[in-house]
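>>> Pasting a predicted model and its sequence here:
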Amino acid sequence: MRRARGRALPGAVAALCRALPPRARPAPDTLRRARFDRPQASSHCWRLLCSLLKQVHGGKWTEPDAIDIQIRFIKSVLWYHGYGRPELYRLPSDGSAGSRELLLAFSWLLHRISLLEQLLARNRVRTGDETSVCTCEDDLTNSQKGRTEIAPEYSLEDKVDVRYLQWLHGRLRFQWRSLHALHQEQSKLLHKIHLFTSGSHMDKILGHFSVTETELIRQPENYKQLLQFLESETMQLEAFLEWKQLEQVYWHWMETVLDDMAEEGSMCKSQDAHTMKSMLPKGDSCCHWAGSLVGKIDRLSRDLMTVHDQLQELVTHRKSAWYEKVKTREEELQKEEFCAAARKTQEAVELKLLDLTYHCAPKKPKMHGSCRLVFRSKHSASKTGFGRSVSKEPISTVSATEVIRELQMRKASLERELKQLQEECRQRMDEIAEGLDGVICISP
Amino acid sequence: MSIVTVQLGQCGNQIGHEVFNAICSDVHGTHGLCSKKENESYHEASKERFFSEEKSGVPVARAVLVDMEPKVISQTLSIAARSGCWKYDDRSHFCQKQGSGNNWANGYSVHGPKHKDRIMNLVRKEAEKCDRLSGFFTIMSMAGGTGSGLGAFVTQCLKDAFPASFILNHVIWPYGTGEVIVQNYNSVLTLSHLYRSSDALLVHENDVIHKICAQLMNIKQISFRDVNQVIAHQLGSVFQPIYTGAGPLHYSRSPLGDLMETLVPHPEFKMLGLRNIPQMPENSLAYSTFSWPGLIKHLRQMLIANATMEEGIDWQVRPPRPGSSIPSKHSTSKSLHFNTSIANLVLLRGKDMHSADLEPIFTSTLNLGLKRRTSWTASQLWNKLSPVTPPCDFYKCSQLELYCKTTTLEDLLASTSQNI
């Protein structure tokens, strides 16, 4: 069994390395040598990890920084993702040691943030037709509730001229407007491309060219480069599939590495006991974390029950008070006016009910991520029908009109929120202005 | 990347005509100063910005002409059509029979609401023709009735209808000894309304341009046409395609946006001024040579001494040393002549503009934002000079500088009301 595993391991490691993007592709040997913690391998490993993480975090390829900057970057990224192994954070900043720790960190990232999948997604050959759609509800409102209540201490030392802030705000606004205009132009031109090339594509479902294909027609000599990209991408994807099949072997190997480190670690564990505690604020043992989570869940469910009961009480209370009111009102408006008033109140109630149901409705799965725009004319027989539809690989399509509608609803609710906040702000300013002598507050 | 021009009133229409003329002749000029490919892309960019293609092949200006009298508009249309290089769209104009009688309220409250729909329809049609709308450029004078009153109203409507577009208002400051008796009232009202809806106000003063014509261009009998041509030349040098510092060989994708972002992001300071050197009659261009250091030295002193043209600069005025305090009430007259602009933008056009060293301007313009009344010390970040280097073109060797004045609306109203 061990022999078979031993043969499969190089294959797994090789597949893993081939699936990484070309700029940050290590030799399979590097990974295996890293296990033995040789100093020469360390700096190489640091650099490799740095370039991988930079790609994942959206950075473009820049000249590599000095090694200590790279190491700081890697440590901060690992901290951000929740890597809790103190030995890594204690590694020196000159890159002379720690290839085994890096190997562990790399494997952890592979699993935890799906590093490989992210890299593959990022390095795809673009069709140029992509657009990003995000209909997620922002959680900003909840997180900022606490902040607006407490005004910060005004200290005279750090003076910032408010006019400078206004300047910066103005710049931001103008840049946003330019961006808006650029987006509009892009959609217009994309529409033109799709319209003019419809009917020419081999794939009958798509029916039109994408930007990349159109570009290729205009400048055919670029086909070599495109071909290279496609070939490299295909190779990476094939390597990824291979890797998926041989994954288990790799994880077994990682376990052996961990066992080795645990043995070594236990010898010097006593020395590091208190330093460990000081380095990490939260406990790094899995069980402790899981236990606290369970406790939290219990507490939350209890709170939920109590809130639910309170709500029920409140509702019955309000209902009874309301019926009383209605009865008295009915007696008052016995004449003709009652019908008109009743109709008006009914309409208002319906509107409010719609609003509430929208807010309380189980959230539809929000769309997030980039999609490819596909043009569908009015007369085509597709079920999405009018307008352009947005399709994601595999074939899950969403019509653009639906997305537009959702975004419009979101916009309306944000506008309402803005009005409400402005009203609150105005009231607060009036209160403050009343307190000050000889100051009149004229709100916009 | 397209700019839609709205020409308002008699003055606006005449200047607008000259602007399109200047741009067209620049585009068609052959000066052999740069490679053919650069030339072509420059022409493409310039054409896309100001003209739209039509079936007849003659470029059609992206403009809407508005006036309350038919005379000027029909003249403008016919002159443009006769030139053969370009023309206006026959349907993009709006005129009435009666005129405004130099009455601001007539333009703003009577003509404006009455004809709002038709004018906005024309504007919308022009805007839809553009692949991308960079913004609106309105030309008007402040003295008359149509340009000022109707212009203010139209600007407001533009802002409401196109909230995401930039609006640059070009206003002509009337002669100090102008003929219209109510020009001060008209100016004050126009400015106060424009300040609310416009993004930036580019001011050209008739007196200054007149002086330029007299002293620099050596014109004996200065007519409005000469003044308009000088103004058009200066405007053209602002709006023709330019490379931004960021991308080499790529024209600015958003001309108005870049301008405004650098100069007028603050909501209270929207007034822009323009300085252009060298300014000289076209026939003497062939006989003059320029060097970048010389031009830059002149421009620097013009900036410091608040001069408007390159003759008669007061070379005695010096910028205050960094760290010095604001001139107090008993300051000498010298420091009062000191320039007080907040932000400055330098555009260079011509050969070898890469060799132009803007350091002398840059280092001396720190601490220029001194304001008399408040204790606001300017920080270095307020003054941004970004060299924007365009390719070679008709403006063979010229430099111009846009600056944002520190005069707020209150100062302006105060100074104009003194004349009333």
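Sure, I can see it. Residues are numbered from 1 along each chain as shown, chains lettered A, B, ... in the order given.
>>> How about the residues of the stretch 151-300 of chain A by chain B?
Taking CB under 8 Å from any CB of the partner chain as the criterion, the stretch 151-300 of chain A approaches chain B at residues A:161, A:163-164, A:166-171, A:173-175, A:177-178, A:180-182, A:184-185, A:188-189. For the C-beta atoms, the positions are set from N, CA and C on the backbone; glycine is no exception.
>>> Give the helix, strand or coil label for B:Asn276.
In terms of secondary structure, B:Asn276 is strand; the call rests on DSSP: H, G, I helix; E, B strand; the rest coil.
>>> Show me what it is bridged to.
According to DSSP bridges, the partner residues bridging B:Asn276 are B:Leu400.
>>> That one contacts B:Gly236, correct?
No - look at B:Asn276 against B:Gly236 with CB atoms under 8 Å: they stay out of range, at 10.2 Å.
>>> related to what we said a few turns ago, the residues of the stretch 151-300 of chain A next to chain B, buried ones only, as a PyMOL selection?
With 16 or more other CB atoms under 10 Å in any protein chain shown as the criterion, this PyMOL line picks the buried residues out of these:
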select buried, chain A and resi 163+167+170+171+174+175+177+178+181+185
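>>> What about A:Leu356, how many residues nearby?
Using other CB atoms under 10 Å in any protein chain shown, A:Leu356 has 10 other residues around it.
>>> again with B:Ser223
Number of residues near B:Ser223 (other CB under 10 Å) recorded here: 10.
>>> what do you get for the one 3 residues further on?
B:Asp226 has 18 neighbours, counted by other CB under 10 Å.
>>> And the helix or strand where it lies, what's buried?
Secondary structure assigned from DSSP states H and E places B:Asp226 in helix B:224-239. Of the residues in helix B:224-239, those buried by neighbour count under the rule 16+ other CB under 10 Å are B:226-239.
>>> following it, which helix or strand comes up?
Per DSSP H and E, helix B:224-239 leads on to helix B:255-263 as the next helix or strand towards the C-terminus.
>>> which helices and strands sit right next to that following helix?
Taking 3 or more CB pairs under 8 Å, 6 or more residues apart in numbering or on different chains; DSSP states H and E as the contact definition, the neighbouring helices and strands of helix B:255-263 are helix A:162-196, strand B:133-141, strand B:166-173, strand B:200-205, strand B:341-350, strand B:397-405.
>>> so who does the closest residue to chain B within chain A touch?
Nearest to chain B, among the residues of chain A, is A:Gly170, at 2.8 Å (CB to the nearest CB). With contact taken as CB atoms under 8 Å, 6 or more residues apart in numbering or on different chains, A:Gly170 is in contact with B:264-267.
>>> ok, now with 10 Å
When contacts are counted by CB atoms under 10 Å, 6 or more residues apart in numbering or on different chains, A:Gly170 touches B:199, B:260-261, B:264-269.
>>> per-residue confidence for it?
On the pLDDT scale, A:Gly170 is placed at 87.
>>> repeat for the one 5 residues further on
Per-residue confidence (pLDDT) for A:Gln175: 89.
>>> so how many other residues sit close to A:Ser198?
Residues near A:Ser198, counting by other CB under 10 Å: 16.
>>> From A:Lys192, how far out is it?
11 Å (CB to CB, to the nearest Å).
>>> ditto for A:Ser51
Using CB to CB, which is the criterion applied here, A:Ser51 is 39 Å from A:Lys192.
>>> And for B:Ile15?
Applying CB to CB, the value for B:Ile15 to A:Lys192 is 34 Å.
>>> Please say which of these two ends up with more neighbours.
Higher neighbour count among B:Ile15 and A:Lys192: B:Ile15, with 26 against 11, using other CB under 10 Å.
>>> got a list of what that one touches?
If a contact means CB under 10 Å, 6+ apart, then B:Ile15 has B:5, B:7, B:9, B:139-141, B:170, B:172, B:204, B:224, B:227-229, B:231-232, B:235 as its contacts.
>>> Swap in 6 Å and give it another go.
Listed by CB atoms under 6 Å, 6 or more residues apart in numbering or on different chains, the contact partners of B:Ile15 are B:139, B:228, B:231.
>>> Just give the closest residue to the last one, not the sequence neighbours.
Translated: B:Ile231. Setting aside the residues directly before and after it, B:Ile231 is nearest to B:His204 in space (CB to CB, 6 or more residues apart in numbering or on different chains), at 5.3 Å.
>>> Please apply the same query to the first one.
Taking CB to CB, 6+ apart, and ignoring the residues beside it in sequence, B:Ile139 has B:Gly12 as its nearest neighbour in space, at 4.1 Å.
>>> Now do the same for the one you found: its pLDDT.
Here, the pLDDT recorded for B:Gly12 equals 91.
>>> I'd like to know how many residues surround it.
Residue crowding around B:Gly12 was assessed by other CB under 10 Å; the count is 28.
>>> these two touch, right, it and B:Thr138?
No - in this structure, B:Gly12 is not within contact of B:Thr138 by CB atoms under 6 Å, at 7.4 Å.
>>> returning to what we had before: can you give the contact residues for the helix holding B:Asp226?
The contact list for helix B:224-239 (CB under 6 Å, 6+ apart) reads B:14-15, B:18-19, B:22-23, B:204, B:209, B:212-213, B:219, B:274, B:276, B:395, B:400.
>>> about what we covered before: dump the helices and strands packed on helix B:255-263 to TSV, plus distance to A:Leu102.
Supplementary listing: the helices and strands packed on helix B:255-263 in TSV, determined by distance: least, CB to CB, whole Å:
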stretch	distance to A:Leu102
helix A:162-196	39
strand B:133-141	50
strand B:166-173	51
strand B:200-205	54
strand B:341-350	49
strand B:397-405	53
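>>> Just say which of those is most tucked in.
A comparison of those by mean neighbour count, using mean count of other CB atoms under 10 Å in any protein chain shown, puts strand B:133-141 on top with a mean of 27.
>>> and it, what does it pack onto?
Helices and strands touching strand B:133-141, as assessed by 3 or more CB pairs under 6 Å, 6 or more residues apart in numbering or on different chains; DSSP states H and E, comprise strand B:2-8, helix B:9-28, strand B:166-173, helix B:255-263.
>>> Can you give the strand pairings for the first one, parallel or anti for each?
Read it as strand B:2-8. The strands beside strand B:2-8 in its sheet (DSSP bridges) come out as strand B:63-67 (parallel), strand B:133-141 (parallel).
>>> quick one, it and strand B:166-173 angle?
Using axes from the mean of the first three to the mean of the last three CA atoms, to 10 degrees, one finds that strand B:2-8 and strand B:166-173 are set 40 degrees apart in direction.
>>> roughly how far is strand B:2-8 from the heart of the chain?
Computed by CA atoms, centre = their mean, to the nearest Å, the chain-centroid distance of strand B:2-8 equals 13 Å.
>>> Quick one: mean pLDDT over it.
Rounded mean pLDDT across strand B:2-8 is 92.
>>> Next: the last one.
The predicted model gives helix B:255-263 an average pLDDT of 79.
>>> Other residues contacting that helix?
If you take CB under 6 Å, 6+ apart as the criterion, helix B:255-263 is touched by A:171, A:174, A:178, B:134-135, B:166, B:168, B:199-200, B:252, B:343, B:345, B:404.
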